[in-house]
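Undergrad: sequence below, structure please.
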Amino acid sequence: MSRPWSALAPLVLASLLGWSPGATSAADSKGAITEDTRVDRSKVQADVRTLVSRVEDLAGTIQDLHVKETAVEIRIELAADVLFDFDKADIKPEAQQVLKKAAALIREKAKGTVEVEGHTDAKGTDAYNQKLSERRAGSVRDWLVSREGLNDIKFATHGLGAKKPVVSNTRPDGSDDPEGRQKNRRVEIVVKK
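TA: Below you'll find the model as predicted:
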């Protein structure tokens, strides 16, 4: 992977040291440096490298997850088939990697309540789908808190059943669409920025 964020390191370093563009030293842009304002350059460079690494890790996490970002929120879409067995709400062991990535994004970006929304396809009754979607949203929240230690973040869970499909559960001719139903079975995590 290329390191596009590493190009920002000099700008971040200059900002941290109080340099302005065109200045040849901090003294040019901020006045004389006194003993109180000296900075350990190697420590600042190490801090910048750490920051660049964290930003790159977060960018990689966003690419690995199905993420939609707007100015006010980040929406992480997790396929229910990855998280759960059919008609179940217990987290599958193989879902842990994707949930760890979601946790890293939540940990880094959450500014308010994180909403966990469970969704189902249209198979089954509305009441059954509602309960299943609630249990799935609760399972994801519980896993994030207990396994990833996100207990300092406030979560709200919502079961939406089949009320908000992303695609149709049926084909144009009215026949069942298994691929469409699969896309509708999901959990979405909404992170407010």
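
Undergrad: ok, Ile153 touching Val114?
TA: Yes: counting by C-beta atoms under 8 Å, Ile153 does reach Val114; the two are 5.7 Å apart. Backbone N, C-alpha and C define where each C-beta goes, glycine included.

Undergrad: and the two? Which one has more around it.
TA: Remark: of Ile153 and Val114, Val114 carries more neighbours, 24 against 18, as counted by other C-beta atoms under 10 Å.

Undergrad: mind checking how far that one is from Ser168?
TA: To Ser168, Val114 is 29 Å away according to C-beta to C-beta, to the nearest Å.

Undergrad: need the helix or strand of this structure with the lowest average pLDDT.
TA: Taking mean pLDDT, DSSP states H and E as the measure, the helices and strands of the chain show their lowest mean at helix 26-30, namely a mean of 49.

Undergrad: what's the burial count for Ser175?
TA: Residues within reach of Ser175, counting by other C-beta under 10 Å, total 7.

Undergrad: tell me the confidence at it?
TA: pLDDT, Ser175: 96.

Undergrad: could you measure from it over to Ser168?
TA: Here the distance between Ser175 and Ser168 works out to 11 Å (C-beta to C-beta).

Undergrad: just Val44 next, same as before
TA: When C-beta to C-beta is applied, the distance between Val44 and Ser168 equals 55 Å.

Undergrad: same question for Ala162.
TA: Separation of Ala162 from Ser168 (C-beta to C-beta) stands at 11 Å.

Undergrad: these two - which one has more neighbours?
TA: Applying other C-beta under 10 Å to Ala162 and Ser168 shows that Ala162 carries more neighbours, namely 21 against 13.

Undergrad: per-residue confidence averaged over the strand or helix carrying Ala137?
TA: Here Ala137 is covered by helix 126-148, with elements defined by DSSP states H and E. Helix 126-148 comes out with an average pLDDT of 98.

Undergrad: my read: Ala165 touches Thr120, true?
TA: No, residue 165 isn't Ala; it's Pro. No: taking contacts as C-beta under 8 Å, Pro165 lies outside contact range of Thr120: 9.2 Å.

Undergrad: show me which of the two is the more surrounded one.
TA: A count of neighbours by other C-beta under 10 Å puts Thr120 above the other of Pro165 and Thr120, at 27 against 18.

Undergrad: quick check on the more buried one: phi, psi?
TA: Backbone torsions for Thr120, taken as degrees, to the nearest 10, come to phi -130, psi 170.

Undergrad: settle this for me: it is touching Asn129, isn't it.
TA: Yes: contact between Thr120 and Asn129 holds when scored by C-beta under 8 Å: they sit 4.1 Å apart.

Undergrad: show me the shaky parts of this protein.
TA: 1-39, 53-64 (pLDDT under 70).

Undergrad: buried set for stretch 93-102?
TA: The neighbour-count check on stretch 93-102 (16 or more other C-beta atoms under 10 Å) flags 95, 98-99, 101-102 as buried.

Undergrad: nearest to Asp87, of these?
TA: Closest approach between those and Asp87, by C-beta to C-beta: Ala95, at 15.8 Å.
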